[in-house]
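Trainee: Generate a structure from the sequence data that follows.
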Amino acid sequence: MIVKDEERVLGRCLDSVRDLVDEVIIVDTGSSDRTQEIASHYTPHVYHFLWKDDFAAARNFSFEQATKEYIMWLDADDVLYEQDRNKLADLKQSLSWEPDAIICDYQLAFDTAGNATTNSRRYRLIKRSQGYRWHNPVHEYLDVTGGKVLQSDIAVSHHRVGDHSARNMRILQQWIARGGKLEGRMLFFYANELLDQQRYLEAMECYETYFQEPSGYREDRIAACGKLAECYHHLGRKEKKIDSLFKSFHYDVPHADICCTIARSFEDRGEWALAIYWYSRALESREPDGYMGVVNIAYRTWVPHVQLCLCFANLGLLQQAFEHNEHALSYLPGETNLLENKRRLEIALGI
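Mentor: Below is the predicted model of the structure:
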């Protein structure tokens, strides 16, 4: 782990894995709070690393301190809950071959009941002898090209503390000033930071440049289509927004979030039949095998049903509207607006 000023969350993270791992490596990059003291209660392996605005460098240093066969990396605001602790323990006991990397779920957002609503997948455990390295000073990633990979359903839950957009942009701008070239994933990540800072025109130009490159990760390309559409939305260029969404079909089957965004565009025009078509496609979509990108589960569960209720109601098809509202309630029982929809639709249908 690399840490800085994580006294609020470090103990929670380490408590969730301390009995499952054979050593704990903590690399502190300049804490001014009790982070180092807390870390020392869990491990004697607490190291100091002079921060140089480069997450990959810090993570690579942390990997260099490890001595066991496999390395599992975590952030201080990550945690393994009991179900996933049990899965990790079972994996350690039952692993019958030696993969070079193990992919785990990374849960990024949660509903009020604690259920994951947004998920991605990351290379989480790495065979140390392979010498895999981290790349990029920010939005760093592990390159395990050519490695033997095991897919696991173990989930690491991430409860982010704070907004890091300003920090990320500062690191990227410093990297550019030092001669870093904006291309490939770095161009994609830079565009994302521009979008987060609502610099829509600049972000749009970067995404368009990114698409001119001959190759790229499938997940990045699809995400860029959705983000470019968001830029065009804010810039008032509705036709270009739709074009950007359809562009994602060059890279994969239609994804639920893309289908919902297309549907919403038609809904905003009052083109209810077309909106219904695309919300229905969202409900039919499935996450492709091996997909590593961010997936918002709501876009293939309750969101399409809520909007289909509205679309059918606008067409006067109240029975279909009622049925979709019921489906939405199965995901969000007790949701006030949905319960009010149910009451009104029951009155209108004479139920």
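
Trainee: Assign the residue lying closest to T117 once chain neighbours are set aside to helix, strand or coil.
Mentor: Among residues not flanking T117 along the chain, A109 sits closest, at 4.9 Å (C-beta to C-beta, 6 or more residues apart in numbering). The way it works is simple: take the backbone N, C-alpha and C, and place the C-beta from them, glycine included. On the three-state scheme (DSSP: H, G, I helix; E, B strand; the rest coil), A109 is labelled strand.

Trainee: Which residues are in contact with A109?
Mentor: A109 is in contact with A116, T117, T118, N296, counting by C-beta atoms under 8 Å, 6 or more residues apart in numbering.

Trainee: what helices or strands is the one helix or strand the second one maps to leaning on?
Mentor: Read that as T117. Counting by DSSP states H and E, the element that carries T117 is strand 116-127. Secondary-structure packing of strand 116-127 (3 or more C-beta pairs under 8 Å, 6 or more residues apart in numbering; DSSP states H and E): strand 70-72, strand 101-110, strand 149-158, strand 295-296.

Trainee: ok and the third one relative to strand 101-110, angle-wise?
Mentor: Between strand 149-158 and strand 101-110, the angle comes out at 30 degrees (axes from the mean of the first three to the mean of the last three C-alpha atoms, to 10 degrees).

Trainee: ok, back up a step: can I get the helices and strands packed on strand 116-127 in CSV with distance to Q212?
Mentor: Shown next, in CSV, are the helices and strands packed on strand 116-127 (distance: least, C-beta to C-beta, whole Å):
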stretch, distance to Q212
strand 70-72, 37
strand 101-110, 30
strand 149-158, 30
strand 295-296, 27
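
Trainee: Name the residues that touch the strand holding T117?
Mentor: 63, 69-73, 98-111, 132, 142, 144, 147, 149, 152, 154-157, 291-298.

Trainee: Can you flag the buried ones in the residues you listed?
Mentor: 63, 70-73, 99-109, 132, 142, 144, 152, 154-157, 291-298 (16 or more other C-beta atoms under 10 Å).

Trainee: re the thing from before, the residue nearest to T117 and L318, how far apart?
Mentor: Distance check for A109 against L318: by C-beta to C-beta, to the nearest Å, it reads 33 Å.

Trainee: Scan the protein for its longest helix.
Mentor: As assigned by DSSP state H, the longest helix anywhere in the chain is helix 218-234.

Trainee: Check which helices and strands that helix sits against.
Mentor: helix 184-196, helix 200-211, helix 238-247, helix 256-268.

Trainee: would you turn those helices into TSV with mean neighbour count, mean pLDDT and distance to G334?
Mentor: Formatted as TSV, these follow (neighbours: other C-beta atoms under 10 Å; pLDDT from 0 to 100; distance: least, C-beta to C-beta, whole Å):
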stretch	mean neighbour count	mean pLDDT	distance to G334
helix 184-196	21	96	33
helix 200-211	19	98	37
helix 238-247	17	97	33
helix 256-268	22	97	23
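
Trainee: Now distance to H48 too, for the ones you listed, in TSV please.
Mentor: Below are the helices and strands packed on helix 218-234 laid out as TSV (distance: least, C-beta to C-beta, whole Å):
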stretch	distance to H48
helix 184-196	28
helix 200-211	36
helix 238-247	45
helix 256-268	42
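
Trainee: Mark out where each domain of this protein begins and ends.
Mentor: Domain assignment of the chain by automatic domain parsing yields the ranges 2-158, 180-349.

Trainee: Can you tell me which of those is nearest to S165?
Mentor: Closest to S165 of those, according to C-beta to C-beta: domain 180-349, at 4.5 Å.

Trainee: isn't L339 right up against E326?
Mentor: No: with contacts counted by C-beta atoms under 8 Å, L339 stays clear of E326, the gap being 11.1 Å.

Trainee: distance of the residue most central in space within the chain from S280?
Mentor: With distances taken as C-alpha atoms, centre = their mean, V294 lies nearest the centre of the chain, 3.7 Å away. Using C-beta to C-beta, V294 is found at 23 Å from S280.

Trainee: Same check on F61?
Mentor: 50 Å.

Trainee: before we move on, what about A348?
Mentor: 23 Å.

Trainee: ok, now R300?
Mentor: Distance from R300 to S280, by C-beta to C-beta: 11 Å.
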